[in-house]
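S.K.: Sequence and predicted model, in that order:
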Amino acid sequence: MDLEKPPVQQPPEGCLAVAIRIPVRIVVLVLVLPVRMVWDALAVAGRFLDDTVFRPLGRALLWLGRAVFVWPFVALWRYVVVPVGRALARLGNVLVVVPCGWLYRYVLTPVGQGIAWVARGIGAGLAWVYARVLTPVGHGIMWLLKGIGAVFAALGIGVYTAVAWLVRHLVVVPARWLYEWVLAPVGRAVAWCAKGLVRLLGVIVTGIGVALYWTARILLVLPALALWRWVLVPVGRVLAVIGREVGAALGHAWRVAGHISLAVGRFLGTLFRWIFVEPVRWVYRSVLTPLGHVVRDTVLRPAAEAARAVGRTTRQALASARASVRQARADVRRMLFGEPRQREAVARREPAAAGTRTLGSSTTALTKD
């Protein structure tokens, strides 16, 4: 099994691309190299500023924003708004909810029940009136209206029959004869004339369109096609080759400038390290560290021991002074008020157990001594 990728076959290139490639790449490299070095320098400076300035400044501003805006509002909400809200809720419950509940339970509910009882009585009376009075009267009125309606229906049927016969013989039959023998032939003649006129107009418009088509083709399309085929397409191909080569040269120059900028940066970093960092490190390691050890062993440690000894002595002196003051205060109190009364000693141990039974003693009444 072949694990290697097959080589990518490049399309054949013309002599124009090969001729303009090397000069374009040289010119582009000369133009891109300063831009890439400035870009890399700005990127390094940006990372340094982000690590040393912007990020700590952002954290400080974030902490300041929390201290100025967030924490006061949180404290206001927690220690002012919430207790005040709870107090207002309790006050509203006492002043509004409880009185409203009492009013609903002991005033509105009995009044509503009384109104409902009165309404049920009125409804029962109206139902009796409807069932015993209005219903019979309504049935009588409906019977009378049905009789009157039957009479008017009979009269209406006769009138409708007469009017229908007159409309049929005076309107419908003459209109049908007029449509069949006058309007239909005239409409057919008008439609035949309109079709002929439309065909004539179609022939005229088709002829004009064909003439305009060939005129536009000869005057506009053929010159534009020749201009596109023999001028614009070759110029576009040349410009496409130049643009492709310029783009490839820009990418190649950017990568090469990146390698050059990296080498220059490493050289400058190495030069800075050997000129500044290594001497500072040698001075710190070979001069400042031994000097610091000497100062620590000869000055700082003895000073610390002396300070600790002074502190111990001071604490002992203060303890002695406190004991003397306490003793003097006790002597003065004893001289003024006498000896304090001693508390009686209270046995805090458990009571002693009874003696064990022996051969010379007895616990019964008969054998006691």
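M.R.: Happy to help now that I have it. Numbering: from 1, shown residues only.

S.K.: By mean pLDDT, which helix or strand of this protein comes out lowest?
M.R.: Scoring the helices and strands of the chain by mean pLDDT, DSSP states H and E places helix 15-49 at the bottom, with a mean of 77.

S.K.: residues of the longest helix along the chain that come out buried?
M.R.: Using DSSP state H, we find that the single longest helix of the chain is helix 233-272. Applying a neighbour-count criterion of 16 or more other CB atoms under 10 Å, one finds 241, 245-246, 249-250, 252-254, 256-258, 261 buried in helix 233-272. C-betas here are computed from N, CA, C, even on glycine.

S.K.: can you list those residues in TSV and add distance to residue 232 and pLDDT?
M.R.: Listed next are these as TSV, based on distance: CB to CB, whole Å; pLDDT from 0 to 100:
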residue	distance to residue 232	pLDDT
241	15	78
245	20	79
246	20	81
249	25	80
250	26	83
252	30	81
253	30	81
254	32	84
256	35	83
257	36	82
258	38	83
261	41	83
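
S.K.: Columns distance to residue 206 on top of those, output as JSON lines?
M.R.: Putting those into JSON lines (distance: CB to CB, whole Å) gives the following:
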{"residue": "241", "distance to residue 206": "48"}
{"residue": "245", "distance to residue 206": "53"}
{"residue": "246", "distance to residue 206": "53"}
{"residue": "249", "distance to residue 206": "58"}
{"residue": "250", "distance to residue 206": "57"}
{"residue": "252", "distance to residue 206": "62"}
{"residue": "253", "distance to residue 206": "63"}
{"residue": "254", "distance to residue 206": "63"}
{"residue": "256", "distance to residue 206": "67"}
{"residue": "257", "distance to residue 206": "68"}
{"residue": "258", "distance to residue 206": "69"}
{"residue": "261", "distance to residue 206": "73"}
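
S.K.: farthest pair in those residues?
M.R.: The most widely separated members of the buried residues of helix 233-272 are 241 and 261, with 29.6 Å between them, by CB to CB.

S.K.: quick one: the helices in the stretch 1-150 of the chain?
M.R.: 15-49, 55-65, 71-76, 82-92, 98-103, 109-129, 135-167 (DSSP state H, counting those that start in this stretch).

S.K.: Mind checking those for the one nearest to residue 287?
M.R.: With distances scored as CB to CB, the stretch of the helices of the stretch 1-150 of the chain nearest to residue 287 is helix 15-49 (28.5 Å).

S.K.: what angle separates the closest one from helix 233-272?
M.R.: For helix 15-49 against helix 233-272, the angle by axes from the mean of the first three to the mean of the last three CA atoms, to 10 degrees is 40 degrees.

S.K.: and the gap between residue 40 and residue 25?
M.R.: Between residue 40 and residue 25 the computed distance is 20 Å (CB to CB, to the nearest Å).

S.K.: hang on, I meant residue 124
M.R.: Applying CB to CB to residue 124 and residue 25 gives a distance of 110 Å.

S.K.: ditto for residue 66
M.R.: Applying CB to CB to residue 66 and residue 25 gives a distance of 55 Å.

S.K.: and these two? which has more neighbours close in?
M.R.: residue 25 (18 against 12; other CB atoms under 10 Å).

S.K.: CA atoms only for the helix or strand that residue 227 is a member of, dumped as PDB, please.
M.R.: Under the criterion of DSSP states H and E, residue 227 resides in helix 222-227. Taking C-alpha atoms only, helix 222-227 is exported to PDB below (Å, rounded to 0.1, in the frame of the first residue of the first chain):
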ATOM      1  CA  LEU A 222     -22.000  41.600 -34.100                       C
ATOM      2  CA  PRO A 223     -19.700  44.600 -33.200                       C
ATOM      3  CA  ALA A 224     -20.100  43.800 -29.500                       C
ATOM      4  CA  LEU A 225     -19.400  40.100 -30.000                       C
ATOM      5  CA  ALA A 226     -16.300  40.900 -32.100                       C
ATOM      6  CA  LEU A 227     -15.100  43.400 -29.400                       C
END
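
S.K.: Now do that helix: distance to the chain's middle.
M.R.: For helix 222-227, the separation from the chain centroid amounts to 58 Å (computed by CA atoms, centre = their mean, to the nearest Å).

S.K.: before we move on, the earlier item: quick one: the least confident helix or strand of the chain to helix 55-65, angle?
M.R.: 50 degrees.

S.K.: Use 52 as the first number from now on
M.R.: Sure, I'll start counting at 52 from here, so that last one is helix 66-100.

S.K.: Could you list every helix and strand that helix 66-100 packs against?
M.R.: When contacts are defined as 3 or more CB pairs under 8 Å, 6 or more residues apart in numbering; DSSP states H and E, helix 66-100 packs onto helix 284-323.

S.K.: And the buried residues of helix 284-323, which is closest to residue 262?
M.R.: Nearest to residue 262 among the buried residues of helix 284-323 is residue 292, at 43.8 Å by CB to CB.

S.K.: Please tell me how far that closest one sits from residue 81.
M.R.: From residue 292 over to residue 81 (counting by CB to CB), the distance is 22 Å.

S.K.: can you check residue 241 too?
M.R.: 87 Å.

S.K.: and if you look at residue 115?
M.R.: 49 Å.

S.K.: neighbours of residue 98, just the number please.
M.R.: Count around residue 98 with other CB under 10 Å applied: 10.

S.K.: Dump the helix or strand residue 340 falls within to CSV, keeping only the CA atoms.
M.R.: Per DSSP H and E: residue 340 is located in helix 340-346. Taking Å, rounded to 0.1, in the frame of the first residue of the first chain, the C-alpha atoms of helix 340-346 are listed here in CSV:
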residue,chain,number,x,y,z
THR,A,340,23.4,37.5,46.0
PRO,A,341,26.6,37.1,48.0
LEU,A,342,26.3,40.7,49.3
GLY,A,343,22.7,40.0,50.3
HIS,A,344,23.8,36.8,52.1
VAL,A,345,26.5,38.8,54.0
VAL,A,346,24.1,41.5,54.9
